[in-house]
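Peer 1: The following block contains a protein sequence and its predicted model.
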Amino acid sequence: MEKGTKAVIGASLVLVLAVGGELLWLRHERNAPVAVKAPVREVIADDDLVFLKQKRPSSMADMKDLFGTTVWVSAGGQLEYYPVVGKTVQYAKPAGTLLGAQELKVKGAVEQVAPKAATFRIPGGDRQVSLVFTLPGSADAAKEYAVPVGYRQAGQYTFYTDEIFFYDDPHVLYKHWGPEVWKAVDAHEVILGMNERMVELSLGQVSKSTSKDYGNRMVVFANLGKPMAVTFVKNQVTAFRADQGY
C-alpha cells in the first residue's frame, strides 16, 4: 500500500509540474511582445513626384492670366504654329511644329475661323482660339507666331493649355534627370538609359506601339518625319534605330 501510495503521489506531482509548466509557458506567450512587420512602402518614381500646375481656363478672360508669362511645350511634335500678321493667324503658312521643352513667351490670344487643315489636333468650333507667342533665343526673337490651343462652340470655350504646356521650366521640374539627359532632350535625340517620359519629350508624343506594357516595349516615335524605333526594358532605353516603316 505504501509503495502504491508513493507511486500515485509521484504521478500526481509529475502531472502538476507538467500542467504548471504549460501554464507558465502560455502566460509567457501572452505577455511576449508581438512582432509587427513594418508595412512595405511603395517606391514612387521621382518623375511621378513632380507637381505640374494646372490653370483650367474656361474663358478668354482666364487666358489673360498667361499673357506676359513663359511656358514650355509638353505636347511636343503635335502642333503646328503659324506666323501672325497684325492679329491674324496665317494658317496657309505653317512656320513649324512645336518641340518638347521648347520655350515660348506668351503675348496674347486671338479667335479666328480656322480652315479644316488646322483642326486636326485642336477642333475649329465656331472659332478657334490661338495663343500668340515669340520664341526667346531664336534668330528672330521678336517675330510673333500663334498655335491653336482651344475653340469656342455656341458661346462655350474649351481649352487644352494644361495638356500642351508646362507652366514651370521642365529643366527645373525634372532636374533629377541630370545634364546628360537634358542635353539629349534639348537636342531631340535619344541616349541609352532614358525612360519613356524622357524620350516622349525629346522625340514628341506622336508614336505607336504594339504593347501597352509601359516601360517594357518597343515604341516607334514619328519624330517629325524621321521615325525612331526605341526599345524599353524596365523603363530604360536599351536600343534604338531609325525606322522607315512608320
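Peer 2: Received it, and whenever you're ready, just let me know what you need. Numbering: from 1, shown residues only.
Peer 1: any idea whether the nearest residue to Asp46 once chain neighbours are set aside is helix, strand or coil?
Peer 2: Leaving aside its chain neighbours, Asp46 sits nearest to His176 (4.9 Å; criterion: C-beta to C-beta, 6 or more residues apart in numbering). (C-beta placed from N, C-alpha, C; glycine too.) Recorded secondary structure, His176: helix (DSSP: H, G, I helix; E, B strand; the rest coil).
Peer 1: For His176, grab the count of nearby residues.
Peer 2: By the measure other C-beta atoms under 10 Å, the count of residues near His176 is 11.
Peer 1: what does Lys107 give?
Peer 2: Other residues near Lys107 come to 16 when the count uses other C-beta under 10 Å.
Peer 1: hang on, it is in a strand, isn't it?
Peer 2: Yes - according to three-state DSSP, Lys107 belongs to a strand.
Peer 1: what sits against the nearest residue to Glu180 once chain neighbours are set aside?
Peer 2: Nearest non-adjacent residue to Glu180, counting by C-beta to C-beta, 6+ apart: Ile191, 7.0 Å away. Each residue near Ile191 by C-beta atoms under 8 Å, 6 or more residues apart in numbering is listed here: Glu180, Val181, Ala184, Val237.
Peer 1: What does the third one show for phi and psi?
Peer 2: Backbone torsions of Ala184, given as degrees, to the nearest 10, read phi -70, psi -40.
Peer 1: and it, how far is that from Leu201?
Peer 2: 10 Å (C-beta to C-beta, to the nearest Å).
Peer 1: what about these two, which has more around it?
Peer 2: Leu201 (29 against 19).
Peer 1: Helix, strand, or coil at that one?
Peer 2: helix.
Peer 1: burial of Asp213, as a residue count?
Peer 2: Neighbours of Asp213 using other C-beta under 10 Å come to 9.
Peer 1: I meant Gln54, not that one.
Peer 2: Quick note: Gln54 (other C-beta under 10 Å) scores 10 neighbours.
Peer 1: correct me, but Ala142 touches Pro136?
Peer 2: No - if you go by C-beta atoms under 8 Å, Ala142 and Pro136 don't touch, sitting 10.1 Å apart.
Peer 1: Got the phi and psi for the residue nearest to Glu180?
Peer 2: Here is the backbone geometry of Ile191 (degrees, to the nearest 10): phi -130, psi 160.
Peer 1: what's near enough to touch the residue nearest to Pro227 when sequence neighbours are not counted?
Peer 2: Nearest residue to Pro227 in three dimensions, chain neighbours excluded: Tyr246, at 3.5 Å (C-beta to C-beta, 6+ apart). Going by C-beta under 8 Å, 6+ apart, Tyr246 touches Lys208, Val220, Ala222, Pro227.
Peer 1: Now do the SS call for the second one.
Peer 2: Secondary structure state of Val220, per three-state DSSP, is strand.
Peer 1: thinking again about what came up before, pull up the gap between the residue nearest to Glu180 and Lys183, please.
Peer 2: From Ile191 over to Lys183 (counting by C-beta to C-beta), the distance is 9 Å.
Peer 1: now swap in Leu192 and tell me
Peer 2: Counting by C-beta to C-beta - Leu192 and Lys183 are separated by 14 Å.
Peer 1: what does Phe166 give?
Peer 2: The gap separating Phe166 from Lys183 is 18 Å, by C-beta to C-beta.
Peer 1: Compare these two (neighbour count), which wins?
Peer 2: More crowded of Phe166 and Lys183, by other C-beta under 10 Å: Phe166, with 23 against 11.
Peer 1: if I pick the most centrally placed residue in the chain, what's in contact with it?
Peer 2: The residue lying closest to the centre of the chain (C-alpha atoms, centre = their mean) is Arg197, at 6.2 Å. Applying C-beta under 8 Å, 6+ apart to Arg197 gives the contacts Asp47.
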